[in-house]
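> Provided below for reference: sequence and predicted model.
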Amino acid sequence: MTYTTVQYSLEIIRDEARELVHKGVLSRQQPIYTLCQYIPAREWACVEGELEECNFLLRDRIADLISSEKWDND
(Lines give C-alpha, C1' and ligand atoms only; values in the text may rest on other atoms or scores of the structure.)
Protein backbone atom coordinates (compact mmCIF):
# COMPACT_ATOMS: atom_id res chain seq x y z
CA MET A 1 0.00 0.00 0.00
CA THR A 2 1.30 3.44 -0.93
CA TYR A 3 0.61 6.53 1.15
CA THR A 4 0.67 9.97 -0.39
CA THR A 5 2.20 12.63 1.79
CA VAL A 6 0.39 15.94 1.64
CA GLN A 7 2.57 19.02 1.73
CA TYR A 8 1.23 21.61 4.14
CA SER A 9 2.25 25.18 3.43
CA LEU A 10 1.57 27.87 5.99
CA GLU A 11 -1.25 29.17 3.79
CA ILE A 12 -2.94 25.75 3.67
CA ILE A 13 -2.68 25.47 7.47
CA ARG A 14 -4.13 28.96 7.87
CA ASP A 15 -6.99 28.14 5.48
CA GLU A 16 -7.80 24.98 7.43
CA ALA A 17 -7.74 26.86 10.73
CA ARG A 18 -9.92 29.67 9.33
CA GLU A 19 -12.46 27.17 8.06
CA LEU A 20 -12.65 25.39 11.42
CA VAL A 21 -13.06 28.71 13.25
CA HIS A 22 -15.69 29.87 10.73
CA LYS A 23 -17.66 26.62 11.26
CA GLY A 24 -17.47 27.15 15.03
CA VAL A 25 -15.55 23.92 15.56
CA LEU A 26 -12.55 25.76 17.04
CA SER A 27 -12.17 29.05 18.83
CA ARG A 28 -9.62 31.72 17.91
CA GLN A 29 -8.45 31.54 21.55
CA GLN A 30 -7.51 27.84 21.47
CA PRO A 31 -3.87 26.81 21.07
CA ILE A 32 -2.66 25.86 17.61
CA TYR A 33 -2.04 22.27 18.72
CA THR A 34 -5.82 21.70 18.82
CA LEU A 35 -5.66 21.58 15.01
CA CYS A 36 -4.08 18.13 15.34
CA GLN A 37 -7.56 16.72 16.03
CA TYR A 38 -8.59 17.64 12.48
CA ILE A 39 -5.45 16.72 10.54
CA PRO A 40 -4.53 13.05 9.97
CA ALA A 41 -1.92 11.86 12.48
CA ARG A 42 0.53 10.78 9.77
CA GLU A 43 0.45 14.32 8.35
CA TRP A 44 0.71 16.21 11.64
CA ALA A 45 4.52 16.02 11.68
CA CYS A 46 4.59 17.95 8.38
CA VAL A 47 2.22 20.58 9.77
CA GLU A 48 4.24 20.88 12.95
CA GLY A 49 7.46 21.26 10.96
CA GLU A 50 5.99 23.99 8.76
CA LEU A 51 4.68 25.89 11.78
CA GLU A 52 8.07 25.62 13.45
CA GLU A 53 9.85 26.94 10.34
CA CYS A 54 7.50 29.92 10.36
CA ASN A 55 8.22 30.61 14.06
CA PHE A 56 4.87 29.49 15.44
CA LEU A 57 4.71 27.56 18.70
CA LEU A 58 2.04 24.93 19.21
CA ARG A 59 0.93 26.77 22.35
CA ASP A 60 0.34 30.01 20.37
CA ARG A 61 -3.30 30.90 19.81
CA ILE A 62 -5.10 30.13 16.57
CA ALA A 63 -5.82 33.86 16.36
CA ASP A 64 -2.06 34.46 15.98
CA LEU A 65 -1.98 32.01 13.08
CA ILE A 66 -4.98 33.45 11.23
CA SER A 67 -4.44 37.08 12.18
CA SER A 68 -4.38 38.10 8.54
CA GLU A 69 -8.10 37.46 8.18
CA LYS A 70 -10.06 39.81 5.95
CA TRP A 71 -13.47 41.03 7.09
CA ASP A 72 -16.17 41.64 4.49
CA ASN A 73 -18.28 43.89 6.71
CA ASP A 74 -15.68 46.52 7.61
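Looks like it came in fine.
> going by C-alpha atoms from here, please, whenever you check contacts or count neighbours.
OK.
> so what's residue 27 closest to, chain neighbours aside?
residue 21 (5.7 Å; C-alpha to C-alpha, 6 or more residues apart in numbering).
> how close does that neighbour sit to residue 61?
Distance, residue 21 to residue 61, by C-alpha to C-alpha, to the nearest Å: 12 Å.
> now for the two: what residues contact both?
Residues touching both residue 21 and residue 61 (C-alpha atoms under 8 Å, 6 or more residues apart in numbering) are residue 28.
> now whatever helix or strand the residue nearest to residue 27 lives in: buried residues?
According to DSSP states H and E, residue 21 maps onto helix 10-22. By 16 or more other C-alpha atoms under 10 Å, the buried positions in helix 10-22 come out as 13-14, 16-18, 20-21.
> you'd agree the residue nearest to residue 27 is up against residue 30?
No - here residue 21 does not reach residue 30: they are 10.0 Å apart, not a contact under C-alpha atoms under 8 Å.
> where does this structure dip in pLDDT?
1-6, 68-74 (pLDDT under 70).
> so which residue is smack in the middle of it?
residue 13 (3.8 Å; C-alpha atoms, centre = their mean).
> surely that residue touches residue 47?
Yes - Residue 13 is in contact with residue 47 according to C-alpha under 8 Å; the separation is 7.3 Å.
> anything in contact with each of the two?
Common neighbours of residue 13 and residue 47 (C-alpha under 8 Å, 6+ apart) do not exist.
> now the helices for the chain?
10-22, 41-53, 62-65 (DSSP state H).
> against which helices or strands is the first one packed?
Spelled out, it's helix 10-22. Under the contact definition 3 or more C-alpha pairs under 8 Å, 6 or more residues apart in numbering; DSSP states H and E, helix 10-22 sits against helix 41-53.
> the inter-axis angle of the helix it packs on versus helix 10-22?
Between the axes of helix 41-53 and helix 10-22, defined by axes from the mean of the first three to the mean of the last three C-alpha atoms, to 10 degrees, the angle is 110 degrees.
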